[in-house]
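Enquirer: What would the 3D arrangement of this be:
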Amino acid sequence: MTQDYIKDGAEIYRQSFATIRREADLSGLPDDIAYVAARMVHACGQIDLVDDLAYSPDVVRRARAALQAGAPILCDAHMVASGVTRTRLPADNEVICLLRDERVPALARQIGNTRSAAALDLWGDRLDGAVVAIGNAPTALFHLLDLLEQTSARPAAVVGIPVGFIGAAESKVALADNTLGLDYLVVHGRRGGSAITCGALNAIASEVE
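Expert: All right, here's what the predicted structure looks like:
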C-alpha cells in the first residue's frame, strides 16, 4: 500500500501559497508587508501569526534597499544565518553570526549576560546600516537596544523575532516601542524562532513575485 500525496514540488508551493492567501487575513497589510507575512506564515504553518505582526511602515523598503546596496545581515544565531537563502541576496551580502567567536565566552562573563548577547559586541562598525536579524535570543534583542542607546550607529532595519517564555514577548515590545527611530518587524508574544525569521529575511531579500 502506497501513500497518496502530492509529489510535485512546484504544485506543493503553488497550493501552499494559495491556501495562505485564502485563509490568512492579509488584506489590511501594505503589499510589501503582506508578501513578507505570507512567507513567515509559510515557515511556521500558522495563519494567526498575522494577528501578532507589528512593523514600522518603511521596514521592508529600507531593509531591501540596504541589501541591494551591499549591507550585511547580522544574526544572533547560526540557525538564522544558515537559513538565509544566499541565491536570494541581491549583492552577495555577508551573513554574519559571531556566536562561536573564541572571545565570546569571556566577554559574556565580563558583561554578565548570555553569549548570544555578548556576540553582538563584536559586530563593531558592521552594525551601522546593516540588516539585523534576532531570531533566537531575547537577551540579544534587549542588548542590541542597549548598545544602540550608547552609539550613533543605526541598522537599516531590525527583524526581531526571538522565541521563548522568558523575555521574548517583552523584548519585542521594547523594539516596537523604541525611541531610536529604528525600522522593525516583530511577531508579538512568545512565538518566534529561526524559521519565521528566515522566512522574513528571504522575502525581504527578493522582489515581490
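Enquirer: measure the nearest residue to residue 162 once chain neighbours are set aside to residue 146 for me?
Expert: Take residue 162 and drop its neighbours on the chain: the residue closest to it by C-beta to C-beta, 6 or more residues apart in numbering is residue 138, 4.5 Å away. For the C-beta atoms, the positions are set from N, CA and C on the backbone; glycine is no exception. Residue 138 sits 13 Å away from residue 146, going by C-beta to C-beta, to the nearest Å.
Enquirer: With neighbour numbers in mind, choose between the two.
Expert: Taking neighbours as other C-beta atoms under 10 Å, residue 138 and residue 146 compare with residue 138 leading, 27 against 14.
Enquirer: quick one: the more buried one and residue 42, what's the gap?
Expert: 24 Å.
Enquirer: what does residue 88 give?
Expert: 14 Å.
Enquirer: repeat for residue 72
Expert: 25 Å.
Enquirer: likewise residue 125?
Expert: Taking C-beta to C-beta, one finds residue 125 at 35 Å from residue 42.
Enquirer: Please say which of the two ends up with more neighbours.
Expert: residue 42 (19 against 8).
Enquirer: Tell me the secondary structure at that one.
Expert: helix (DSSP: H, G, I helix; E, B strand; the rest coil).
Enquirer: How about the contacts made by it?
Expert: 16-17, 20, 199 (C-beta atoms under 8 Å, 6 or more residues apart in numbering).
Enquirer: What subset of those residues is buried?
Expert: Among the contacts of residue 42, those classed as buried by 16 or more other C-beta atoms under 10 Å are 20, 199.
Enquirer: Out of the contacts of residue 42, which is nearest to residue 173?
Expert: residue 199 (21.5 Å; C-beta to C-beta).
Enquirer: Within the helices and strands, which one has the closest one?
Expert: For residue 199, the host element (DSSP states H and E) is helix 194-204.
Enquirer: Let's test this: mean pLDDT of that helix, rounded?
Expert: Per-residue pLDDT over helix 194-204 has a mean of 97.
Enquirer: Ok, stretch 125-140 next?
Expert: Per-region confidence: stretch 125-140 scores 98 on mean pLDDT.
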